[in-house]
Every structure is written in structure tokens, then in C-alpha cells.
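Peer 1: just coords:
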């Protein structure tokens, strides 16, 4: 379903134009206002995509198709469907919040910091809209340079350069199997790996219609799951996130925890492109999800630093989403996508609140946070609002997502549903326990 106006390309190009304009602006305050204007307009553009989306049409909409690399038949192919649609305004909203959160603390080189945020926004939107797998991989890898500089130059910890390097190396490792899997799919489509002889193609709509042998499906699923598990992150590839959460700027950690590109890749590419293998090995995926869910939740229960607690909480929720995806039921998949969208608001907002506390108190350690409800009642109320949504309290956005995942798990893995319920209890314990000790009681220190 093609549109006459390239609205998705506008969403990708607009932040890049804003980043280029920042090079001509010398005044830091004017640069901030320009970035805020660009980010605000980008949010409007993504909302126009949502407004123009036709839910009665089941395929990809707003498609743009232009031949990019003729020799490999690689296309500049964009489009959105019901899975990717709402991630566009979620990305734009989090970027806008990141600009506001770093308004006074992006020093030195504030214009470079703002330009990198806009570039990262454009690339992330490319990940959510690309329908050619090589184009998707290009956007996937292009997220690394801006994040490397944003973490290494403006991090709040002494080990920020180490965190930037660790994140980059982990992502490069994950990109290797992902690229290999994409190449296998393209060769299979061309008839060089057992398929019918056709032209080489990396188009997702074309690959979804191309038969894939069971053995090749197993290999593709393994490669994709390995590549996306690093980014998600899933155990044992999770160690980069707590490190980045402690060292990176809060607004960058909010983007990483709020936008789960790795889990999106599993839902968007891994499961649809290897459906038979996913059905055969769904027990294994569910067990990996349960291990991540329970293990990270128990580790979060022992944390005394809010940022590290939120990092492990994010990892635990990734495990929950994978369990819902592995159920391969309508309820489980719907709950997984809803939980990913819930992540964008809840996990990102909680990390931004942690960053505000870091700026005002110089620490997010529990020993320094006692009694915050008295000097900062509104911030405390916001924290509780997002925290309750994160643990799935009824009447919050997290409740329907977790309920659907639980229903899907009960249909496919009744035994694992107990682990999901146990993790919900653990999640409530570490969130409410930290809130009780950090937000109430005697004031630990004077806030500024």
C-alpha cells in the first residue's frame, strides 16, 4: 500500500537536516532551541503516520521502494505495519525527552551532543521502517557510532569510555551472525541454497513468500536469535547494560532501555522468517526467556543503586517479552508488542528520573535517597506512577500487556506460567522495597 508523499523518508531525513543545521549555529542556547524544534516537529510527523495508517489493511503501508544497489538488488524499501507503527512516535517522544533531559548538562561540545541525538533518532527510525534486510542491517550498525560518542564523551561515570567500548564490541559481535543470516536468506531466494531460481533479493515481503528448508530455517533462526539476543539483551549477553546504565548519560540509557531494538528484531524478522523452526524450538526460547526473567529479577532485588536496579529490571522484562513471543499465540504476541511499547514510556521515564536524582544529589545509591518524598513530592509521584505501571498494577499500561503474556504462556507452557507469576512478585518486591527505603523515612541529605 504505497503513498504518494514519502512521509517515512521525511521522518528519516528531517532529524539529519536538523543535525546539519546545528553546524551553522554558534550560540549554544539557539542550538538547543533549534534541536527542540526539530525533535518536536519529528514527533508531529510520526503522529501523522499513525493518523494516516489504515488498521483495516493487513499489509505494509506508506511503502517507498527505490532501487539502491543494482548489482545486489538491494532496495531503499520502507514501510510500516501494526507491529512497527507505534514505535515511531515512541522513538520521537523519547528523543524529545532526551533533549530536554540533557538541556543543562551536555558539556562540553553541546552542539555535537545534540547533533548526535538527532542522528541517532533518524537511524533508529530507519531500524523500525526498513523492509529490505540489508538496509535494516545498515541502520542497525549505524546506531553504534553516535552511541559510542554519546556514552564515551558525556557519560557521568569514571569508566564511561570503557562502557562505550564494551557496548560497541558487544554489538559488533552480535552483528556478525545477523549479517550471515541475512545473506543466507538472500541466497536462498536466488536459488543458490536450495530454493527456486529467482533474482537475488533481501526484501522482507519477498523473503516471507520464499520457501525455506527446515535445516536452513534452524540455522537462520539460530543466527538471528544470537544477533538480536545481544542487543535485547538476553542472558548471557546482558552484562553491557548494567555497565552502560552506571556510566552513560541518563538520557542515553533511557533510549537504550526504552527502545528494545533486539526484541523488536525477534518479533519482526526472526519468528516470521523461520516460522517452522520457531515452532519447533519455542520451548528453548521460552526457557531462555524464563531464565532471563527470573535471574535478572533476583539480581535486581539485591541492588542498592537505582540505575543498576532499573537496568536489571529492564533485562528481566526482556525475558518476559521473549516468553510471550515464544508462546506463538495471539495473546502472547500481542502482549509482547504491548509490553515493548510500555517499555518506551515506563523504562525510559524511570531512567530519566534516576538521571534527575543523579544531577541533584550526585548519587543514586540507596543510602543517599532516603526521604525524597518530602523535598520532591512531584518527582516521587511520577516515580510511583511509572513504577506501578512497570510491575503491571491494574489500571496501568503494564497490566494488559502482562496479562496477555500470562494468558499466552498458560496456553503454550503451563509450567512456565508459574515462573511468570513468581517474577511479577519479585518485581513488585524490588520496586516497592526500593521506593519504601529511598523515598520515605527520614531525609538522608539536603537536596538542591
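Peer 2: Okay, I see it. Just so it is clear, the model here is predicted, and its values are computed rather than measured.

Peer 1: residues near residue 58, how many?
Peer 2: 10 (other C-beta atoms under 10 Å). Where C-beta positions appear, they are placed from N, C-alpha and C, glycine not excepted.

Peer 1: Now stretch 163-183: buried residues?
Peer 2: By 16 or more other C-beta atoms under 10 Å, the buried positions in stretch 163-183 come out as 163-164, 166-168, 170-171, 174-175, 177-179, 181-183.

Peer 1: Which one of these is nearest to residue 307?
Peer 2: Nearest to residue 307 among the buried residues of stretch 163-183: residue 163, at 12.0 Å, using C-beta to C-beta.

Peer 1: element containing that closest one?
Peer 2: helix 160-190 (DSSP states H and E).

Peer 1: Which strands or helices does that helix pack on?
Peer 2: Helix 160-190 is packed against helix 133-142, helix 144-154, helix 204-208, helix 214-231, helix 240-247, with contacts defined by 3 or more C-beta pairs under 8 Å, 6 or more residues apart in numbering; DSSP states H and E.

Peer 1: Ranking the ones you listed by mean neighbour count, which comes first?
Peer 2: Of the helices and strands packed on helix 160-190, the one with the most neighbours on average (mean count of other C-beta atoms under 10 Å) is helix 240-247, at a mean of 23.

Peer 1: going on from that helix, what's the next piece of helix or strand?
Peer 2: Under the assignment DSSP H and E, the closest C-terminal helix or strand after helix 240-247 is helix 250-258.

Peer 1: re earlier: which one of the helices and strands packed on helix 160-190 lies nearest to residue 406?
Peer 2: When these are compared by C-beta to C-beta, helix 214-231 sits nearest residue 406, at 22.8 Å.

Peer 1: Specify the angle between that closest one and helix 250-258 in degrees.
Peer 2: 150 degrees (axes from the mean of the first three to the mean of the last three C-alpha atoms, to 10 degrees).

Peer 1: In stretch 406-422, which of the residues would be classed as buried?
Peer 2: For stretch 406-422, by 16+ other C-beta under 10 Å, it's 406-410, 412-413, 416-417, 419-420.

Peer 1: Just the closest of those to residue 69, please.
Peer 2: Nearest to residue 69 among the buried residues of stretch 406-422, counting by C-beta to C-beta, is residue 408 at 39.7 Å.

Peer 1: shouldn't that closest one be in contact with residue 321?
Peer 2: No: if you go by C-beta atoms under 8 Å, residue 408 and residue 321 don't touch, sitting 11.1 Å apart.

Peer 1: Now intersect the buried residues of stretch 406-422 with the strands, please.
Peer 2: Taking DSSP state E, every one of the buried residues of stretch 406-422 sits outside strands.

Peer 1: In the residues you listed, find the pair that's most separated.
Peer 2: The most widely separated members of the buried residues of stretch 406-422, counting by C-beta to C-beta, are 407 and 419 (15.0 Å).

Peer 1: same for the strand or helix carrying residue 319, what does it pack against?
Peer 2: Per DSSP H and E, residue 319 falls inside helix 306-326. The contact analysis (3+ C-beta pairs under 8 Å, 6+ apart) places helix 306-326 against helix 240-247, helix 250-258, helix 261-265, helix 282-301, helix 330-361, helix 398-412, helix 417-439.

Peer 1: Determine the angle, from 0 to 180 degrees, between it and helix 398-412.
Peer 2: Counting by the same axes, to 10 degrees, helix 306-326 lies at 40 degrees to helix 398-412.

Peer 1: still on that earlier bit, from the buried residues of stretch 163-183, pick the one nearest residue 247.
Peer 2: Nearest to residue 247, judged by C-beta to C-beta, of these is residue 163 at 3.7 Å.

Peer 1: Okay, the closest one and residue 254: tell me how far apart.
Peer 2: Remark: distance between residue 163 and residue 254 (C-beta to C-beta, to the nearest Å) = 15 Å.

Peer 1: buried sites along the lengthiest strand in the chain?
Peer 2: In terms of residue count, the longest strand belonging to the chain (DSSP E) is strand 61-69. Within strand 61-69, the residues scored as buried using 16+ other C-beta under 10 Å are 61-64.

Peer 1: quick one: low-confidence parts of the chain?
Peer 2: Applying pLDDT under 70 to the chain flags the ranges 1-4, 192-198, 441-448.

Peer 1: now do 50
Peer 2: Within the chain, the stretches with pLDDT under 50 are 193-197, 446-448.

Peer 1: Now do the strands in the stretch 1-150 of the chain.
Peer 2: 61-69, 74-80 (DSSP state E, counting those that start in this stretch).

Peer 1: Endpoint to endpoint, stretch 61-78 covers what distance?
Peer 2: 9 Å (C-alpha to C-alpha, to the nearest Å).

Peer 1: what's it in contact with?
Peer 2: With contacts defined as C-beta atoms under 8 Å, 6 or more residues apart in numbering, stretch 61-78 is touched by 1-3, 6-9, 12, 49, 52-54, 79-81, 129-132, 134-135, 186, 199-204.

Peer 1: among those residues, which ones are buried?
Peer 2: Neighbour counting by 16+ other C-beta under 10 Å classes 6-8, 12, 49, 53, 79-81, 129-132, 134-135, 186, 201-204 among the contacts of stretch 61-78 as buried.

Peer 1: before we move on, back to that, next, the angle helix 282-301 makes with the helix holding residue 319.
Peer 2: Computed by the same axes, to 10 degrees, the angle separating helix 306-326 from helix 282-301 equals 160 degrees.

Peer 1: Only the buried residues of helix 306-326, if you could.
Peer 2: Under 16+ other C-beta under 10 Å, the buried positions of helix 306-326 are 306-326.

Peer 1: Just the ones in helices from the contacts of stretch 61-78, please.
Peer 2: Within the contacts of stretch 61-78, residues falling in helices by DSSP state H are 7-9, 12, 49, 52, 129, 134-135, 186, 204.
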